[in-house]
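S.K.: Here is my input, please return the structure:
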Amino acid sequence: MYQTSRRDFLKIAASLSAAVAASSTAPVYADSRADSKADSEEVPGTVRGWRTNSNEKFQPLQAPPQWEGGKDLSPLAIVLEPDTVCQEILGFGGAFTDASCYLLHQMPPDARHAFLSDLYGSSGLRLSVGRTCIGTSDYSTKMYSYDDTPEPDPDLTHFSIDQDRAWIIPTLREAQEINPDLYLFSCVWSPPGWMKSGGSMLGGCMKERWFAAHAQYFVKFLQAYADAGVKVKAVTVNNEVDTDQDGHFPATLWAQQHEMVFVAFNLGPALEKASLDTKIWILDHNYNLWGRVVDELSKPEVAKYVDGVAWHSYAGTPDAMTRVHDTFPDKHMYFTEGGPPANLFGPSEQGPHRHFDFPPYGSDWARWSKSFTEMLRNWSRCICVWNLLLDENGRPDITNPPRPLRRGGLVSIDSKSKELSYSGNYYAFPHYSKLIERGAHVFASSGVIPGIDHVAAENPDKSRVLVLTNSNGAEQPVQCILGAHTLNAVLPPDSITSLAW
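M.R.: Next up, the predicted model:
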């Protein structure tokens with residue numbers, strides 16, 4: 001998305017050079033929106049900047065580069081194209097899993113409030129999106145659904161969210177108090193076992209005979225949460241519909257046809273009948289399944305009820321979102337789980353867990369920023385990472401056999417000292433979440449510089465943000481072009497630099 005070839009860029013650079021040389025007395029414009037003469041007469045404002053690298057974390061630049069009259073244009077520059085407006089941003093956030101909420105409620109109330117304020121508060125990361133689990137996930141203190149009965153209960157007479165009242169709902173309510181604009185979406189890992197082949201929440205697939213009951217399961221969940229003071233604004237059919245995880249933790253295999261039938265003839269109509277405005281997102285799985293999405297949305301009966309697609313990054317590449325967007329431009333893309341490092345779980349010759357060489361916890365901010373940029377450049381409206389909080393061993397986790405011990409989560413808490421440590425995605429987030437507001441629009445930027453990733457957005461107040469990530473091990477000079485203005489920045493190795501004006 002937005003990429004141009006070197007030949008195309010050389011043409012752009014040559015035309016800009018010619019325009020500047022043609023008249024030294026001509027006014028210099030911030031950009032060239034064809035539909036706004038007034039806008040084209042504006043000059044870029046004063047630039048502010050922030051940086052993250054090995055020595056500093058989202059620290060203000062003391063002397064940020066400023067826009068100057070265009071001269072000495074580089075053929076390898078980054079060209080900003082604010083007249084090419086892309087998706088509207090919903091926000092950034094993480095998952096309020098049972099595991100994370102449990103750990104939060106082991107903290108003293110003041111410490112918990114400080115933690116949530118650091119993430120969701122106006123002076124913190126300013127996160128504004130959250131993912132919740134409809135029943136258990138793999139990161140839970142126990143396995144449970146909202147209707148755990150030994151025999152089928154199609155009328156859901158035993159439905160109860162009481163398990164969530166201990167620490168999940170209180171955490172969500174506290175987060176909502178800190179950020180009243182918090183956008184919550186929710187996902188099932190497994191419905192009650194009696195709805196599935198094998199009768200267990202551990203793997204297996206849905207039985208079509210229980211589709212109507214499962215749709216009411218969603219309705220009851222949404223209504224119960226609303227009654228508890230928590231508004232959930234979107235749901236996905238199931239987390240990772242194309243795998244049952246070999247029965248190692250709660251998961252459900254949904255055949256493509258089953259997901260289509262469930263959305264078109266069960267879930268969509270059930271939400272409609274209950275007068276719920278909750279949006280439906282399909283897939284909630286990896287980029288490499290984009291063909292499945294295209295097939296599903298090609299059916300009008302399905303597309304009628306679908307707001308968008310939820311994506312994970314454990315397989316495939318983010319340009320899958322662009323493929324789907326280009327085919328169905330009225331459907332939204334949402335990133336709902338993943339990013340570096342890759343998922344641990346899966347079969348291999350060494351056993352049930354793949355082996356990856358993970359960077360030290362908290363050091364891979366540039367890898368995360370590169371991933372965030374790629375998501376935004378491929379039409380994602382939100383970036384929601386996985387657990388907000390886990391302990392130093394990546395627990396609680398009910399996976400069987402257990403996953404290897406390692407730090408995980410946006411933030412890690414030491415179970416003995418209670419000391420907090422912070423991940424690379426925590427350090428990458430403020431370059432996006434603190435500067436790019438809900439309602440902002442990503443706009444095009446072009447130019448390919450090895451090891452440099454870039455994404456730009458315009459906020460509702462017309463301020464603009466450019467995030468530059470240098471994944472190289474060496475310092476990299478970069479020129480940016482906006483209309484007839486240039487900005488020259490020097491990016492330290494393994495760094496994120498955000499500029500706003």
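
S.K.: now Ala457: how far from Cys205?
M.R.: Relative to Cys205, Ala457 is positioned 40 Å away (C-beta to C-beta, to the nearest Å). Placement of C-beta: from N, CA and C, glycine included.

S.K.: For those two, indicate the residue with more neighbours.
M.R.: Neighbour totals were compared for Ala457 and Cys205, and Ala457 leads with 26 against 17 (other C-beta atoms under 10 Å).

S.K.: Centroid-nearest residue for the chain?
M.R.: If you average the C-alpha coordinates of the chain and look for the closest C-alpha using C-alpha atoms, centre = their mean, you land on Ile383, 1.6 Å from that point.

S.K.: where does Pro477 land in three-state SS?
M.R.: Remark: Pro477 carries the secondary structure label strand [criterion: DSSP: H, G, I helix; E, B strand; the rest coil].

S.K.: Surely it is in contact with Thr497?
M.R.: No: distance between Pro477 and Thr497: 12.0 Å, which falls outside the contact criterion (C-beta atoms under 8 Å).

S.K.: residues contacting Ala474?
M.R.: Residues near Ala474 by C-beta atoms under 8 Å, 6 or more residues apart in numbering: Pro493.

S.K.: Also Thr149?
M.R.: With contacts taken as C-beta under 8 Å, 6+ apart, Thr149 has the following neighbours: 158, 192, 194.

S.K.: could you redo the last one with a cut-off of 6 Å?
M.R.: The neighbourhood of Thr149, defined by C-beta atoms under 6 Å, 6 or more residues apart in numbering, consists of His158.

S.K.: can you check Leu61 too?
M.R.: Shown in contact with Leu61 (C-beta under 6 Å, 6+ apart): 49, 51.

S.K.: go with 7 Å
M.R.: Residues in contact with Leu61, defined by C-beta atoms under 7 Å, 6 or more residues apart in numbering, are 49-51.

S.K.: Over to Ala228?
M.R.: Counted by C-beta under 7 Å, 6+ apart, Ala228 has contacts Ile169.

S.K.: The same query, at a cut-off of 8 Å, please.
M.R.: Taking C-beta under 8 Å, 6+ apart as the definition of contact, the neighbours of Ala228 are 161, 165, 169, 173.

S.K.: Same question for Leu435.
M.R.: Counting by C-beta under 8 Å, 6+ apart, Leu435 makes contact with 50, 465, 467, 498, 500.

S.K.: Using CSV, please lay out those together with distance to Thr486 and neighbour count.
M.R.: Written out in CSV, the entries for the contacts of Leu435 read as follows (distance: C-beta to C-beta, whole Å; neighbours: other C-beta atoms under 10 Å):
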residue, distance to Thr486, neighbour count
Trp50, 21, 21
Val465, 18, 22
Val467, 18, 25
Ser498, 18, 24
Ala500, 17, 20
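
S.K.: quick one: which of those residues is nearest Gly247?
M.R.: Val467 (40.9 Å; C-beta to C-beta).

S.K.: For beta bridges, what are the partners of that closest one?
M.R.: Applying DSSP bridges to Val467 gives these bridge partners: Val455, Ser498.

S.K.: how much space between it and Pro360?
M.R.: In this structure, Val467 lies at 23 Å from Pro360, with C-beta to C-beta as the measure.

S.K.: ditto for Trp254
M.R.: Distance from Trp254 to Pro360, counting by C-beta to C-beta: 37 Å.

S.K.: what's the burial count for Thr84?
M.R.: Neighbourhood size, Thr84 [other C-beta under 10 Å]: 13.

S.K.: any idea how far it is from His332?
M.R.: Relative to His332, Thr84 is positioned 18 Å away (criterion: C-beta to C-beta).

S.K.: do Ala77 as well
M.R.: Noted for Ala77: a distance of 31 Å to His332, by C-beta to C-beta.
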